[in-house]
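**Q** Sequence below, structure please.
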Amino acid sequence: MDFEENLFIAGLTTVKEKYGEQIKKIFNVDVVIPTKPFPRIRLEELYNKLEKEYGFKMNYEDVGDMNAKSEKLASQYIKEKYGHEFVFITDFSAKKRVFYHKREKGIPQGADLIWKGCEKTTLALREHRYEILCEQAKEKGLSEDVKFYLEFFKYGCPPHGGFALGVDRITMLLLETGSLKETMFIFRGPSRLEP
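**A** The predicted model follows:
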C-alpha cells in the first residue's frame, strides 16, 4: 500500500506539472495530488459507516465484498470525512477472494484501492505454500481446474504479492470520462473482440 501511494503521488504530480492546465481546459477536471497516508478502512467498518451515513445496506450476494454502489459511497464518505480521493479497503471475506490470496487468521491479506468511486487496483499477498494453496483451491471447488497452476508451487516459491495498474482505467478516472471506451486505444468488449 505504501508503494502504491508513492506511485500515485509521483505519477499524478508529473501529470499535473506537464498536462494539468490542458486537462482543466479540455475536461474541466483538476488533477489532485493525494497526500500520504491514504485513508484505510476495514470492510466491516465501512459497511457500518455507509449504513449510518447514507442508509446503505450491502445486498446479500455482495456481503464480504464491494459492488459499484458501495465503491461510489466509500469515495463520497472518504471525501467528506477526510478530504481524500483515495481509500484502501481491507479485510475482505475469504469467501469472496480468490483461492491464491494469502490469509492470516482467515482474512485475505490484501486491499482494494478505490479512487473516484471506482476500484483502481486489488493488491494482495499471494499464498506461496503448496499444501495451503491446494487446501484453498479445494475449498473453492477448484482442485482440478487449477492443477496446472499448483504444479509450479510444488517445487517451492518465495513469498510474493503485488497489484496491476491499468493505464486505461487510470486515464478514465483521471479525466472523469465515465467510460473505458473513451480511454482505451482499441476497446475490447462483448460487442467487439477483434481487432
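**Q** I'd like the mean pLDDT over the helix or strand containing Leu125, please.
**A** Element membership of Leu125, judged by DSSP states H and E, is strand 118-126. Taken as a whole, strand 118-126 carries a mean pLDDT of 95.
**Q** ok now the next helix or strand after that strand, how far from the chain's centre?
**A** Per DSSP H and E, the first helix or strand lying C-terminal to strand 118-126 is helix 130-139. From the chain centre to the centre of helix 130-139 is a distance of 24 Å (C-alpha atoms, centre = their mean, to the nearest Å).
**Q** how about the strands in the chain?
**A** 40-42, 86-90, 103-104, 107-108, 110-115, 118-126, 160-162 (DSSP state E).
**Q** Export those to JSON lines and append columns for distance to Asn67.
**A** In this view, the C-beta of every residue, glycine as well, is placed from N, C-alpha and C. Shown next, in JSON lines, are the strands of the chain (distance: least, C-beta to C-beta, whole Å):
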{"stretch": "strand 40-42", "distance to Asn67": "16"}
{"stretch": "strand 86-90", "distance to Asn67": "12"}
{"stretch": "strand 103-104", "distance to Asn67": "22"}
{"stretch": "strand 107-108", "distance to Asn67": "17"}
{"stretch": "strand 110-115", "distance to Asn67": "11"}
{"stretch": "strand 118-126", "distance to Asn67": "10"}
{"stretch": "strand 160-162", "distance to Asn67": "24"}
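**Q** Of those, which is nearest Thr13?
**A** Between Thr13 and the strands of the chain, the tightest spacing by C-beta to C-beta is seen for strand 86-90, at 14.1 Å.
**Q** That closest one pairs with which strands, and in what direction?
**A** Next to strand 86-90 in the sheet, as set by DSSP bridges, lie strand 40-42 (parallel), strand 110-115 (antiparallel).
**Q** Of the ones you listed, which stretch is the most buried?
**A** strand 110-115 (a mean of 24; mean count of other C-beta atoms under 10 Å).
**Q** Tell me how far it lies from the chain's centre.
**A** Relative to its chain's centre, strand 110-115 lies at 4 Å (C-alpha atoms, centre = their mean).
**Q** how about that strand as PDB, C-alpha atoms only?
**A** Taking C-alpha atoms only, strand 110-115 is exported to PDB below (Å, rounded to 0.1, in the frame of the first residue of the first chain):
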ATOM      1  CA  GLY A 110      -4.800  -7.500   0.600                       C
ATOM      2  CA  ALA A 111      -6.800  -4.400  -0.200                       C
ATOM      3  CA  ASP A 112      -8.800  -2.700  -2.900                       C
ATOM      4  CA  LEU A 113      -7.700   0.800  -3.800                       C
ATOM      5  CA  ILE A 114     -10.800   2.900  -4.500                       C
ATOM      6  CA  TRP A 115     -10.400   6.200  -6.500                       C
END
